[in-house]
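Chemist: Quick one, fold the following:
(4 chains)
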2 protein chains.
Amino acid sequence: MAGNGDRRVRRTQAALRKALIELIVERGYERVTVRDVLDRADIGRSTFYAHYRDKDALFGSCFEDLREDLARELSLLGPQSHDGSHTDGQSGDPLKPLTLIFEHAFRHPQIYRAVGTAHLHPMIFEVMREHLCTHDELRLPVDVAAEYHASALVGTLGWWVRAGFPHGPAEMARMIRELTVGGITAA
Amino acid sequence: MAGNGDRRVRRTQAALRKALIELIVERGYERVTVRDVLDRADIGRSTFYAHYRDKDALFGSCFEDLREDLARELSLLGPQSHDGSHTDGQSGDPLKPLTLIFEHAFRHPQIYRAVGTAHLHPMIFEVMREHLCTHDELRLPVDVAAEYHASALVGTLGWWVRAGFPHGPAEMARMIRELTVGGITAA
DNA sequence: TCGCTTCCGAACATCGTGTTCGGTTATCGT
DNA sequence: ACGATAACCGAACACGATGTTCGGAAGCGA
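Modeler: Numbers count the residues shown, from 1 in each chain, chains lettered A, B, ... in the order given. Reported below is the predicted structural model:
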């Protein structure tokens, strides 16, 4: 599986990505130098620059993998109500997409801790936006509402990861749903 | 007003802060060098390091001023319902604190654009947390709910600033309130 | 005016970056 | 198995940013 291209290239890139993630978790992105990554991955300097323009590029490739992975898992669920409102039975459990996001973070704690959740924002935003467009029963600007809910979800997800998963993924999904559909007055 | 200490010190620090903010707005934080700040502010190199340990320290002093300014304005309103729920008439307009936050950003577009809104998060979070503690009618963990609403507010605020204030401050406050108290189903 | 503090700016050591290039080694297709 | 090809190595280099030092000039408050 996943065996495209030269084996050496695969080995090199995997080692670099692994090293970067580890180091970011240990020291934070800013405090990691290219030299550090090279030493940790045991890769030659020139080899690094043959693959990536700089540290940012390597970092980008890391979370791009992650993002695609999550997007693929989400797409397997098929089109459905993405935020849990409208339990109109035409598609599976409306809580499933939310749960899946939290489970994904739960399964990749290292990368999520390193990469942060900010990079998921655009993706979540688009999902929210599309959903709100098809179900637009509100007179609020779509952008505002989408940004609001995307920020809430992504922010809470990030907090949950940083706090070391104080609750289970499914539990988190349920709570987010309640907060989203019920508002602050729901008791 | 604000005339504490040596005039030269005030001049120097003000020039450095102003230069940094301008440059961050123009190029983004990472692409600003200490040299750039020195040139823009017309300040000697050694003088800079006599005042701040590095670029981060100067940056920190910038948004600390901002944070204190906003906190002072908020405290002038006195204790009240900070998120707009509970129109129980015992204190002024429940929408006022929210409006004040948006107005503050609207009055300092440069700094907000440069500093971003992430630094307000802890403050907003605490306000949310306290409010939810006193009005805890929900069985959800306070931290989760506080993080959710804080992220939503701060995220939307940041989007609004970056988008160039597509709506008025009061309008934004009203929309946030509706999204917060009404949930997604409120139509 | 006097004494003190701040500012200046040039010079310096140090570090991280990104590139180059000739030589070595692993991989893939046949 | 083997040969052509592509990837890797690593040392050396130029460059730019950082943070420090120090003697002298200038501005400030009293």
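Chemist: So which residue is smack in the middle of chain A?
Modeler: Most central residue of chain A, judged by C-alpha distance to the mean C-alpha position with CA atoms, centre = their mean, is residue A:120 at 4.5 Å.
Chemist: Go ahead and confirm it touches residue A:67.
Modeler: Yes. With contacts defined as CB atoms under 8 Å, residue A:120 counts as touching residue A:67 at a distance of 7.0 Å. All C-beta spots, glycine's among them, are computed from the backbone N, C-alpha and C.
Chemist: joint contacts of these two?
Modeler: Counting by CB atoms under 8 Å, 6 or more residues apart in numbering or on different chains, residue A:120 and residue A:67 have no shared contacts at all.
Chemist: what about the spatially closest residue to residue A:151 that is not a sequence neighbour, which SS state?
Modeler: The shortest distance from residue A:151 to any non-neighbouring residue, by CB to CB, 6 or more residues apart in numbering or on different chains, is to residue B:155 (2.3 Å). On the three-state scheme (DSSP: H, G, I helix; E, B strand; the rest coil), residue B:155 is labelled helix.
Chemist: From what I see, residue B:155 and residue A:150 are in contact.
Modeler: Yes. Contact between residue B:155 and residue A:150 holds when scored by CB under 8 Å: they sit 7.1 Å apart.
Chemist: Confirm for me that residue A:116 is in contact with residue A:155.
Modeler: No. Assessed by CB under 8 Å, residue A:116 is found out of contact with residue A:155, at 11.0 Å.
Chemist: Specify which residue of those two has the higher count of neighbours.
Modeler: The neighbour comparison of residue A:116 against residue A:155 (other CB atoms under 10 Å in any protein chain shown) goes to residue A:155, with 24 against 18.
Chemist: Please tell me the pLDDT value assigned to the more buried one.
Modeler: Listed pLDDT for residue A:155 reads 97.
Chemist: that older thread, the residue nearest to the centre of chain A: what's it in contact with?
Modeler: Applying CB under 8 Å, 6+ apart to residue A:120 gives the contacts A:67, A:70, A:154, A:157.
Chemist: repeat for residue A:140
Modeler: B:175, B:178-179.
Chemist: Over to residue A:166?
Modeler: Contacts for residue A:166 (CB under 8 Å, 6+ apart) come out as A:160, B:141, B:143.
Chemist: and the last one, how many neighbours does it have?
Modeler: What it means is residue B:143. Residues lying near residue B:143 (other CB under 10 Å) number 18.
Chemist: Please identify the helix or strand for it.
Modeler: helix B:142-162 (DSSP states H and E).
Chemist: Look up how far residue B:165 lies from the residue nearest to residue A:158 when sequence neighbours are not counted.
Modeler: Leaving aside its sequence neighbours, residue A:158 sits nearest to residue A:117 (CB to CB, 6+ apart; 3.9 Å). Taking CB to CB, to the nearest Å as the measure, residue A:117 falls 26 Å from residue B:165.
Chemist: So if I had to pick from those two, which one is more boxed in?
Modeler: residue A:117 (21 against 15).
Chemist: isn't that one right next to residue A:156, touching?
Modeler: No. Using CB under 8 Å, residue A:117 is not in contact with residue A:156, being 9.2 Å away.
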